[in-house]
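Q: show me how the following folds:
(2 chains)
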There are 2 protein chains.
Amino acid sequence: MTYCVALNLADGLVFVSDSRTNAGVDHIATFRKLHVFAVPGERLIVLQTAGNLATSQAVINLLRTRLSHDGVHLNNVVNLYNATTLVGDTMREVMARDANSPMAAGVDLSCSFLVGGQIAGQEPELYNIYPLGNCISATDDTPYFQIGESKYGKPILDRALNYHTDLDKALRCALVSFDSTIRSNLSVGFPLDVLVYKAGSLQVPAGFRVLENDPYFEGVREQWSVGLSQLLDQLPPLPPEYSV
Amino acid sequence: MTYCVALNLADGLVFVSDSRTNAGVDHIATFRKLHVFAVPGERLIVLQTAGNLATSQAVINLLRTRLSHDGVHLNNVVNLYNATTLVGDTMREVMARDANSPMAAGVDLSCSFLVGGQIAGQEPELYNIYPLGNCISATDDTPYFQIGESKYGKPILDRALNYHTDLDKALRCALVSFDSTIRSNLSVGFPLDVLVYKAGSLQVPAGFRVLENDPYFEGVREQWSVGLSQLLDQLPPLPPEYSV
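A: Numbering: from 1, shown residues only, chains lettered A, B, ... in the order given. Below is the predicted model:
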């Protein structure tokens, strides 16, 4: 499984991906699921992937290879929406190729992508591309998307995030969302790939990896658990009619 | 969908069930999913149900009807484990009957049960009965079970609960788990049926219903959301190498 989150906020974009892949419980591995396409000063396009790893890696590979070809590619596409079309077309191309294999029966070749970024002269945008290759766009009302194992980490995003949350707090919120997921589900795991982009900068952030036992993450995890337990203690006592 | 939680703690048992059922988005209704079988002073057996409503209601009905029959039933079964066997057998009986229908193709008849309680002279116990009719028992290490739409509400239980949590705090924790689930998933909804049983009492608690807009629940929900946001603010600032 996989867990990826992307946020499109007033101040910029936040991307966090885990890196665990599994085919059953005994074939667990680490693969990067956050991929950057950029022309510094002109565009940044970040892709996150979930689903069939062979499909998603083939898609990234084709998108990367075609940067040096003639025609439309991610380094010259005129806007983010057209970038999603390109990614969706490439997904369908790869799945059509592999679905023709005599061994394809019963194999789920599908994958999902999150695509976010900014092109000079345009606003930052974030899209969620479904396995069909079609997509939806994040809005001020719904400024985040998740793909993969999304349920465990959704409540904290629903409660604590909105379009005007600053990037620093938003990233901490995303890290807590990952911690909740990793604790509850073995198929999501470290390291986490993180990239935070300031709206309008058109610079390519280096991003960073959060490794297992990272002291900052451990501190967040510990402080969060203690804080939650204290919050529970501080909730109003049960009214008499509910008394236990 | 459905969401039910049951906890078997040192101080007693906590049961919370939602009451929303749906067959598609346009057939939403309210049905109780928490059922009590009891002989005051001698035994309390609580059943919670998820899955096919026709199956689970038929099972409850048969179990209830057979209380006045000769033979083994929930009011005379010698221990909780045998109660789970009785419930599992009844599930299989109902599913076998309905699976024979000419219209059964493609219909998921399966359901799950949580069964918890205490019989005089024995410890309180809690079991999770799978759709096959077999079951597992809660332990000190894993003192809770969920059935139905369980993922959204799992992180708070994993973080804040353990076998020695007192009943009052455990119930608040369960209510927060329900709030997280209800916010993130439309298929789980009010009212919530709650029952808290003190270990060893062998009394049948009245239990209570938490309605939508219940002032206590609204207060918990509000204070929890504000508290989480403050917790995020208080988390340590990002280290320089992670600075956004």
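
Q: what sits against A:Phe217?
A: Listed by Cβ atoms under 8 Å, 6 or more residues apart in numbering or on different chains, the contact partners of A:Phe217 are A:Leu175, A:Asp179, A:Leu192, A:Val210. Backbone N, C-alpha and C define where each C-beta goes, glycine included.

Q: tell me what angle the helix or strand hosting the second one forms with helix B:167-184.
A: When secondary structure is defined by DSSP states H and E, A:Asp179 falls within helix A:167-184. Put simply, helix A:167-184 runs at 110 degrees to helix B:167-184, going by axes from the mean of the first three to the mean of the last three Cα atoms, to 10 degrees.

Q: next helix or strand past helix A:167-184?
A: strand A:192-198.

Q: elements contacting the worst-scoring helix or strand of chain A on mean pLDDT?
A: Lowest on mean pLDDT, DSSP states H and E among the helices and strands of chain A sits strand A:28-30, with a mean of 79. When contacts are defined as 3 or more Cβ pairs under 8 Å, 6 or more residues apart in numbering or on different chains; DSSP states H and E, strand A:28-30 packs onto strand A:20-22.

Q: so what strands line up beside the strand it packs on?
A: According to DSSP bridges, strand A:20-22 forms sheet pairs with strand A:28-30 (antiparallel).

Q: for the next helix or strand after the strand it pairs with, which positions count as buried?
A: Once strand A:28-30 ends, the next helix or strand along the chain (criterion: DSSP H and E) is strand A:34-39. Using 16 or more other Cβ atoms under 10 Å in any protein chain shown as the burial criterion, the residues of strand A:34-39 that qualify are A:Leu34, A:His35, A:Val36, A:Phe37, A:Ala38, A:Val39.

Q: can you check stretch A:221-229 too?
A: For stretch A:221-229, the neighbour count (16+ other Cβ under 10 Å) marks A:Arg221, A:Trp224, A:Gly227, A:Leu228, A:Ser229 as buried.

Q: equivalent analysis for stretch A:42-49, please.
A: Within stretch A:42-49, the residues that count as buried by 16+ other Cβ under 10 Å are A:Arg43, A:Leu44, A:Ile45, A:Val46, A:Leu47, A:Gln48, A:Thr49.

Q: reformat the residues you listed as CSV; add pLDDT.
A: Shown next, in CSV, are the buried residues of stretch A:42-49 (pLDDT from 0 to 100):
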residue, pLDDT
A:Arg43, 97
A:Leu44, 97
A:Ile45, 98
A:Val46, 98
A:Leu47, 98
A:Gln48, 98
A:Thr49, 96
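
Q: which of those residues fall within strands?
A: Members of the buried residues of stretch A:42-49 lying in strands (criterion: DSSP state E): A:Arg43, A:Leu44, A:Ile45, A:Val46, A:Leu47, A:Gln48, A:Thr49.

Q: in CSV: the buried residues of strand A:34-39, plus pLDDT and distance to chain B.
A: Below are the buried residues of strand A:34-39 laid out as CSV (pLDDT from 0 to 100; distance: Cβ to the nearest Cβ, whole Å):
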residue, pLDDT, distance to chain B
A:Leu34, 96, 15
A:His35, 96, 20
A:Val36, 96, 16
A:Phe37, 97, 20
A:Ala38, 96, 17
A:Val39, 96, 22
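
Q: which of those residues sits closest to B:Val14?
A: Using Cβ to Cβ, A:Leu34 is the member of the buried residues of strand A:34-39 that lies nearest B:Val14, at 40.6 Å.

Q: next, the distance between the ends of stretch A:190-209.
A: Stretch A:190-209 has its terminal residues 9 Å apart, counting by Cα to Cα, to the nearest Å.

Q: what does that stretch contact?
A: Here stretch A:190-209 has contacts from A:10-20, A:30, A:32-34, A:36, A:38, A:40-44, A:46, A:117-118, A:120, A:123-124, A:167, A:171, A:175, A:178, A:182, A:210-212, A:217, B:241-242, B:244, using Cβ under 8 Å, 6+ apart.

Q: measure how far it is from the centre of its chain, please.
A: 12 Å (Cα atoms, centre = their mean, to the nearest Å).

Q: repeat that for stretch A:42-49.
A: In terms of Cα atoms, centre = their mean, the centre of stretch A:42-49 is set 11 Å apart from its chain centre.

Q: repeat that for stretch A:195-212.
A: Worked out by Cα atoms, centre = their mean, stretch A:195-212 lies 13 Å from the chain centre.

Q: over to that stretch now: how far is its first residue from its last?
A: End residues of stretch A:195-212 are separated by 17 Å (Cα to Cα).

Q: where along chain A do the helices fall?
A: For chain A, applying DSSP state H gives helices covering A:53-65, A:80-99, A:154-160, A:167-184, A:215-234.

Q: got the buried residues for the first one?
A: Same thing as helix A:53-65. Under 16+ other Cβ under 10 Å, the buried positions of helix A:53-65 are A:Leu53, A:Thr55, A:Ser56, A:Gln57, A:Ala58, A:Val59, A:Ile60, A:Leu62, A:Leu63.

Q: buried sites along stretch A:180-199?
A: A:180-185, A:187-197.

Q: looking only at pLDDT, what's the mean for stretch A:229-242?
A: Mean per-residue pLDDT for stretch A:229-242: 88.

Q: low-confidence ranges in chain A?
A: A:23-25, A:243-244 (pLDDT under 70).

Q: how about a cut-off of 80?
A: A:22-28, A:241-244 (pLDDT under 80).

Q: and stretch A:193-203, how far apart are its ends?
A: Stretch A:193-203 stretches 18 Å from its first residue to its last (Cα to Cα).

Q: circling back: just the buried members of the contacts of stretch A:190-209?
A: A:11-20, A:33-34, A:36, A:38, A:43-44, A:46, A:117-118, A:124, A:167, A:171, A:175, A:178, A:182, A:210, A:217, B:242, B:244.

Q: number of residues surrounding A:Leu157?
A: Residues lying near A:Leu157 (other Cβ atoms under 10 Å in any protein chain shown) number 22.

Q: same check on A:Met103?
A: Neighbour number of A:Met103 under other Cβ under 10 Å is 7.

Q: against A:Leu109, how distant is it?
A: For A:Met103, the distance to A:Leu109 equals 11 Å [Cβ to Cβ, to the nearest Å].

Q: please apply the same query to A:Val59.
A: For A:Val59, the distance to A:Leu109 (Cβ to Cβ) stands at 11 Å.

Q: just A:Ala54 next, same as before
A: Taking Cβ to Cβ, one finds A:Ala54 at 8 Å from A:Leu109.

Q: which neighbours do the two have in common?
A: A:Asp98.

Q: export the buried residues of stretch A:42-49 to a markdown table and tack on distance to B:Ile156?
A: Formatted as a markdown table, these follow (distance: Cβ to Cβ, whole Å):
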| residue | distance to B:Ile156 |
| --- | --- |
| A:Arg43 | 40 |
| A:Leu44 | 36 |
| A:Ile45 | 36 |
| A:Val46 | 31 |
| A:Leu47 | 32 |
| A:Gln48 | 26 |
| A:Thr49 | 29 |
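
Q: could I get the helices of chain A as TSV with distance to B:Leu74?
A: Shown next, in TSV, are those (distance: least, Cβ to Cβ, whole Å):
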stretch	distance to B:Leu74
helix A:53-65	49
helix A:80-99	52
helix A:154-160	36
helix A:167-184	33
helix A:215-234	34
